[in-house]
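Peer 1: got a sequence here, can you model it:
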Amino acid sequence: MTQALSGAAGIDTASLKPGLADPVHGAQRLFRGLLTALAHPGRTVDLNVTGPDAVEGPVPLDPATAAAALTLLDYDTPLWIDWIADTPPVRAYLKFHCGCPIVERSQDAGFGLVTDPVNMPRLALFAQGVDQYPDGAATLLLQVPSLEGGPAVTLRGPGIRDRVTVAPAGLPDWFWNDWRLNAAQFPLGVDIFFTCGSSVVGLPRSILAEG
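Peer 2: Alright, predicted model coming up:
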């Protein structure tokens, strides 16, 4: 959650995209937004990362994706990056600003960064946690082309009054079936933040999906 100023050997800092303008207060504000998204699954939360609080990560990261990464990643959070986002500028940006180690296998990651959902690994191929340490499961930053317009799915569970409908676009055909399997093994399983533009939708592993 802090800006990493060490471990930047070999990185051309002159070409780096800037991180948070105010690393401490900015990270605190963004963390509250991300917590709100998890506490109210299915609700679209605007992280307000435009204007004076603009966050601009390297292509292909949306502002919300970059902001979530800057807020959640640090030296102790191994990160897996999908093939679209795994570029030298993205690696340099995350290593410099977050200090996070980047791993080659999704199973070894505490966080997964996905910008090409259609070709992403199945959810079971990310860390699921174990009975003694369910918090060892991965959290996915899943960037989608739109938070609307996809197949509608009804969510139920903690933080939702009755039920809520979501329809993120661009997900693989198998996604919601995999999510049902993911939720069935609670308290194990991955958590997800859908990101698009400056907004985020939280999907914790405790949430059931129907339809």
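
Peer 1: in the longest helix along the chain, which residues are buried?
Peer 2: Determined from DSSP state H, the single longest helix within the chain is helix 23-39. Judged by neighbour count (16 or more other C-beta atoms under 10 Å), helix 23-39 contains these buried residues: 23, 26-27, 29-30, 33-34, 37-38. Just so you know, the C-beta spots here come from the backbone N, C-alpha and C atoms, and that holds for glycine as well.

Peer 1: ok, what's across the strand from the residue nearest the centre of the chain?
Peer 2: The structure's the chain has its C-alpha centroid closest to Leu141; by C-alpha atoms, centre = their mean the separation is 1.7 Å. Taking DSSP bridges as the rule, Leu141 bridges to Leu113, Phe193.

Peer 1: and Val201, how many neighbours?
Peer 2: Residues near Val201, counting by other C-beta atoms under 10 Å, number 25.

Peer 1: that one belongs to a strand, doesn't it?
Peer 2: Yes. If the criterion is DSSP: H, G, I helix; E, B strand; the rest coil, then Val201 is within a strand.

Peer 1: about what we covered before: need the buried residues of helix 23-39 in a markdown table with distance to Glu56 and pLDDT, can you?
Peer 2: Below are the buried residues of helix 23-39 laid out as a markdown table (distance: C-beta to C-beta, whole Å; pLDDT from 0 to 100):
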| residue | distance to Glu56 | pLDDT |
| --- | --- | --- |
| Pro23 | 15 | 84 |
| Gly26 | 13 | 88 |
| Ala27 | 16 | 91 |
| Arg29 | 17 | 95 |
| Leu30 | 14 | 96 |
| Gly33 | 17 | 97 |
| Leu34 | 19 | 98 |
| Ala37 | 21 | 98 |
| Leu38 | 25 | 97 |
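
Peer 1: make JSON lines out of those and add distance to Gly112.
Peer 2: Output for those, formatted as JSON lines (distance: C-beta to C-beta, whole Å):
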{"residue": "Pro23", "distance to Gly112": "24"}
{"residue": "Gly26", "distance to Gly112": "23"}
{"residue": "Ala27", "distance to Gly112": "20"}
{"residue": "Arg29", "distance to Gly112": "24"}
{"residue": "Leu30", "distance to Gly112": "19"}
{"residue": "Gly33", "distance to Gly112": "20"}
{"residue": "Leu34", "distance to Gly112": "15"}
{"residue": "Ala37", "distance to Gly112": "17"}
{"residue": "Leu38", "distance to Gly112": "16"}
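
Peer 1: output the below-cut-off pLDDT ranges for this structure.
Peer 2: 1-14 (pLDDT under 70).

Peer 1: now do stretch 18-34: distance to the chain's middle.
Peer 2: Here the centre of mass of C-alpha atoms in stretch 18-34, compared against the chain's by C-alpha atoms, centre = their mean, to the nearest Å, lies 15 Å away.

Peer 1: what sits against Leu125?
Peer 2: By C-beta atoms under 8 Å, 6 or more residues apart in numbering, the contact list for Leu125 reads 106-107.
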